[in-house]
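Undergrad: one predicted model, sequence on top.
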Amino acid sequence: MAGLAKTGEKVLRGIPASGGVCRGKVLVLGSREQKVARLEMTEADVPGQVARFEQALVQSRQQLLELQEQIRARVGAKDADIFTAHLLILEDPLLVDEVMKLITEEKVNAEYALQTAIEKYVNALEQINDELLRERTADLRDVGDRILNNLLGCVDEHQLNLLTEPSIVISHDLTPSTTALLDKTKILGFATDVGSRTSHTAILARSLQIPAVVALKTVSQELATGQQVLLDGYNGLLIINPSDQTLFEYGHLVRRQVTLQEKLRSIKDQPAVTLDGSRVLLSANIEQPSDVEAVKTSGAEGVGLFRTEFIYLNRESAPAEEEQYQAYLSVAEALHPAPVIIRTLDLGGDKFLTHVNVGPETSSFYGWRAIRFCLHRRDIFRTQIRAILRASSRGNVKLMYPMVSDTREIEEANALLAECKQELRAEGRPFDDSMQIGAMIEVPSAVLIADALARRVQFFSIGTNDLIQYTLAVDRMNEHVAHLYQPTHPAILKLIQETVAAAHRQGIWVGVCGEMAGDPVLVPLLLGLGVDELSAAPSVAAQIKFLIRRLKMSEARDLVAFALQCEDAREILERSRQLARSAAPSLFETEL
Ligand code: PEP
Ligand code: MG
């Protein structure tokens with residue numbers, strides 16, 4: 001783009017995580033690991049430091065009360081209890097006295113006194129042989145961070161929804177649980193130092209349609225709250241102090257997008273069928289029941305992946321059967337008769353529950369997660385299966401298991417499912433006895449035993465996000481190896497081909513719900529590989545349908561014939577891009 005090098009303007013390049021352009025003031029979040037310096041004070045400075053500390057306590061108390069109220073209104077009184085615990089810590093005279101003593105006797109700055117006092121209490125709690133007390137250290141640190149951020153004039157991620165002025169958030173990182181709570185009316189977009197396209201934070205940003213750029217390295221240190229930026233989530237750019245020329249060019253880009261959106265709306269109710277008559281099912285991925293509205297407007301023909309773990313996040317206890325049932329039912333009813341595939345809890349990786357302690361793990365993506373965790377914690381699994389079964393009574397719900405790596409897992413899960421059906425029958429509760437059961441294919445071993453797995457389920461859904469990371473040994477969260485995370489790697493294409501072949505040999509259907517299905521550049525390959533369904537974020541589903549309707553299956557098959565004998569991932573990517581671009585050039589107009 002011309003004008004990017006103008007004086008005063010600075011362009012930072014990262015990884016595009018969620019499309020869209022926004023412009024405004026930034027808000028830089030405080031880092032959890034900030035260390036403060038010890039500053040020696042004079043006798044005359046002491047009252048000022050005491051007053052600053054008292055003021056930070058008042059501010060912290062006010063924020064906690066507001067957050068408590070918000071959570072109570074959103075998820076219920078029980079989950080708001082966490083803030084009651086925080087308020088008690090905040091008012092603990094031992095802690096307050098300790099900080100005051102350090103300020104007045106040692107004559108140090110309030111930040112240093114606070115951090116020293118918090119460390120002292122955390123160390124003392126960690127020595128005690130009581131798990132419950134040890135868990136309280138996290139609360140103590142949280143409260144300490146809050147007071148510290150108020151002293152330093154920084155905002156922390158829990159305060160984001162208390163903002164009054166819409167802002168672009170800049171942070172070292174954002175957790176998926178914080179991202180899930182972002183309020184679009186207050187957060188225009190976000191940019192982080194670390195991250196990747198397939199982290200759940202990026203996936204959520206696309207779902208919420210919040211523009212985002214990740215892996216900007218040191219952006220959180222380079223920017224200060226209040227600076228003006230333009231965030232380009234299409235191309236992964238953050239432009240500090242954008243020039244008039246840049247703003248003018250982005251004005252054009254945004255207008256082209258508006259025209260494209262109009263075109264996309266006009267095919268909303270048309271089927272996803274290629275020019276030569278091949279029909280694919282186009283579904284949407286969702287994370288929360290409120291996403292159904294976006295599914296309806298996207299033109300998707302149902303839900304191909306409901307990531308249920310987001311119902312479990314940001315709360316003090318697991319949701320009860322009734323609450324889950326209502327959540328699943330609301331989606332199933334809103335979209336009826338379109339199919340809704342509900343994935344059972346995929347805890348782990350980058351998603352952790354505050355109410356379930358999985359203990360320290362050396363590598364959370366290879367650890368105690370997803371179906372492995374559920375088969376161990378049958379209480380949690382049973383509650384969820386019962387809720388899904390009950391929500392299936394209208395006949396449009398399907399259930400699928402994540403991270404399957406062995407036939408035994410499906411057998412055990414299906415045995416539990418049969419028990420749940422038995423219970424519901426005895427209780428006289430209706431459910432769909434013929435509800436389809438699916439397995440996600442996201443571990444290489446699952447592909448290698450795909451025939452055996454296919455004999456135990458009614459469908460497959462390929463989770464390319466994990467399949468790529470496990471096959472190529474490339475952490476999907478790590479920006480340093482993001483260049484090695486290649487969906488067009490010949491090994492990945494062979495695994496997809498083998499999965500489709502095994503599924504069809506065994507007479508079941510197969511979809512793709514990983515992010516590959518939402519990337520117009522990669523869709524020609526997936527079509528040519530013969531998948532029956534594509535499931536993508538609602539924000540991109542319409543584009544995928546638009547592209548499918550402009551492609552010929554014969555061209556997609558030719559592309560795959562080339563790709564399967566090609567040895568170079570980049571060459572395959574380029575060929576697929578060329579085909580997509582020539583079929584639907586307007587989808588690529590946001591590229592600079
Ligand atoms: C996947 O791995 O491709 C997938 C769809 O699941 P998730 O991104 O939630 O791990
Ligand atoms: Mg996965």
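TA: Thanks, I have it. Ligands and ions are numbered 1, 2, ... in the order given.

Undergrad: my guess is V474 meets H483, correct?
TA: No: using Cβ atoms under 8 Å, V474 is not in contact with H483; the gap is 9.1 Å. For the C-beta atoms, the positions are set from N, CA and C on the backbone; glycine is no exception.

Undergrad: who has more neighbours out of those two?
TA: Between V474 and H483, counted using other Cβ atoms under 10 Å, V474 has the larger neighbour count: 19 against 9.

Undergrad: tabulate the CA atom coordinates of stretch 468-482 in CSV.
TA: Coordinates of each C-alpha in stretch 468-482 appear next as CSV, following Å, rounded to 0.1, in the frame of the first residue of the first chain:
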residue,chain,number,x,y,z
ILE,A,468,-1.9,-30.2,11.6
GLN,A,469,-0.2,-29.5,14.9
TYR,A,470,0.1,-33.1,15.9
THR,A,471,1.2,-34.3,12.5
LEU,A,472,3.8,-31.6,11.8
ALA,A,473,4.8,-31.3,15.5
VAL,A,474,4.1,-27.6,15.3
ASP,A,475,2.4,-26.0,18.3
ARG,A,476,-0.7,-24.2,17.0
MET,A,477,-0.2,-21.5,19.6
ASN,A,478,3.4,-20.6,19.0
GLU,A,479,4.1,-17.7,16.7
HIS,A,480,7.8,-18.7,16.4
VAL,A,481,6.8,-21.8,14.4
ALA,A,482,3.8,-20.3,12.7
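
Undergrad: what residues does the stretch 401-550 of the chain put near ligand 1?
TA: Proximity of the stretch 401-550 of the chain to ligand 1 is assessed by Cβ under 6 Å from any ligand atom, with E442, G463, T464, N465, D466, C513, G514 identified as the residues in range.

Undergrad: can you pull the contacts of the last one?
TA: When you say that, I think you mean G514. By Cβ atoms under 8 Å, 6 or more residues apart in numbering, the contact set of G514 is T198, E442, I462, G463, T464, N465, D466, L467, I468.

Undergrad: output the residues you listed as JSON lines; include the columns secondary structure.
TA: JSON lines is the format used below for these (DSSP: H, G, I helix; E, B strand; the rest coil):
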{"residue": "T198", "secondary structure": "coil"}
{"residue": "E442", "secondary structure": "coil"}
{"residue": "I462", "secondary structure": "strand"}
{"residue": "G463", "secondary structure": "coil"}
{"residue": "T464", "secondary structure": "helix"}
{"residue": "N465", "secondary structure": "helix"}
{"residue": "D466", "secondary structure": "helix"}
{"residue": "L467", "secondary structure": "helix"}
{"residue": "I468", "secondary structure": "helix"}
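
Undergrad: out of those, who's the most crowded?
TA: Neighbours here mean other Cβ under 10 Å. Within the contacts of G514, the largest count is held by I462, at 30 neighbours.

Undergrad: quick one: it and Q497 touch, right?
TA: No: using Cβ under 8 Å, I462 and Q497 do not qualify as a contacting pair, with a distance of 10.9 Å.

Undergrad: quick one, phi/psi of the closest residue to L216 other than its chain neighbours?
TA: Nearest residue to L216 in three dimensions, chain neighbours excluded: G14, at 3.8 Å (Cβ to Cβ, 6 or more residues apart in numbering). In terms of degrees, to the nearest 10, the main-chain angles of G14 are phi -140, psi -150.

Undergrad: what separation is there between G14 and ligand 1?
TA: The gap separating G14 from ligand 1 is 20 Å, by Cβ to the nearest ligand atom, to the nearest Å.

Undergrad: quick one: contacts for that residue?
TA: When contacts are taken as Cβ under 8 Å, 6+ apart, G14 is in contact with A191, V213, V214, A215, L216, K217, V219, G236, L237, L238.

Undergrad: so which of the residues of the stretch 401-550 of the chain next to ligand 1 also contact ligand 2?
TA: The overlap between these and the neighbourhood of ligand 2 (criterion: Cβ under 5 Å from the ion) consists of E442, G463, D466.

Undergrad: tell me the one of these nearest P430?
TA: Closest approach between these and P430, by Cβ to Cβ: G463, at 30.7 Å.

Undergrad: for the closest one, grab phi and psi.
TA: On the backbone of G463 - angles per degrees, to the nearest 10 - the values are phi -90, psi 90.

Undergrad: cool, L230 as well?
TA: Its backbone dihedrals place L230 at phi -120, psi 130, with angles given as degrees, to the nearest 10.

Undergrad: if we can go back for a sec, can you redo the residues of the stretch 401-550 of the chain next to ligand 1 as TSV with distance to P487 and pLDDT?
TA: Shown next, in TSV, are these (distance: Cβ to Cβ, whole Å; pLDDT from 0 to 100):
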residue	distance to P487	pLDDT
E442	13	98
G463	12	98
T464	6	98
N465	9	97
D466	12	97
C513	14	98
G514	8	98
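
Undergrad: of all these, which two lie farthest apart?
TA: Using Cβ to Cβ, those span at most 10.8 Å, a distance reached by D466 and C513.

Undergrad: circling back to that earlier point, and the pLDDT for the residue nearest to L216?
TA: Confidence per residue is given as pLDDT, and for G14 that number is 97.

Undergrad: would you mind measuring from it to I240?
TA: In this structure, G14 and I240 are separated by 13 Å, where distance is defined by Cβ to Cβ, to the nearest Å.

Undergrad: and which of the contacts of G514 is nearest A580?
TA: Distances from the contacts of G514 to A580 were compared by Cβ to Cβ; the smallest belongs to T464, at 16.8 Å.

Undergrad: quick one, phi/psi of the residue lying closest to the closest one once chain neighbours are set aside?
TA: Leaving aside its sequence neighbours, T464 sits nearest to G514 (Cβ to Cβ, 6+ apart; 2.9 Å). Note on G514: its backbone torsions stand at phi -70, psi 170 [degrees, to the nearest 10].

Undergrad: for the contacts of G514, which one is nearest D519?
TA: Using Cβ to Cβ, the shortest approach to D519 within the contacts of G514 belongs to T464, at 9.7 Å.

Undergrad: pretty sure that closest one contacts H489?
TA: No: using Cβ under 8 Å, T464 is not in contact with H489, being 11.0 Å away.

Undergrad: now for those two: what residues contact both?
TA: With contacts taken as Cβ under 8 Å, 6+ apart, T464 and H489 have no neighbour in common.

Undergrad: what strand or helix carries A387?
TA: Using DSSP states H and E, A387 sits in helix 378-391.

Undergrad: report the rounded mean pLDDT for that helix.
TA: Over the span of helix 378-391, the pLDDT mean works out to 97.
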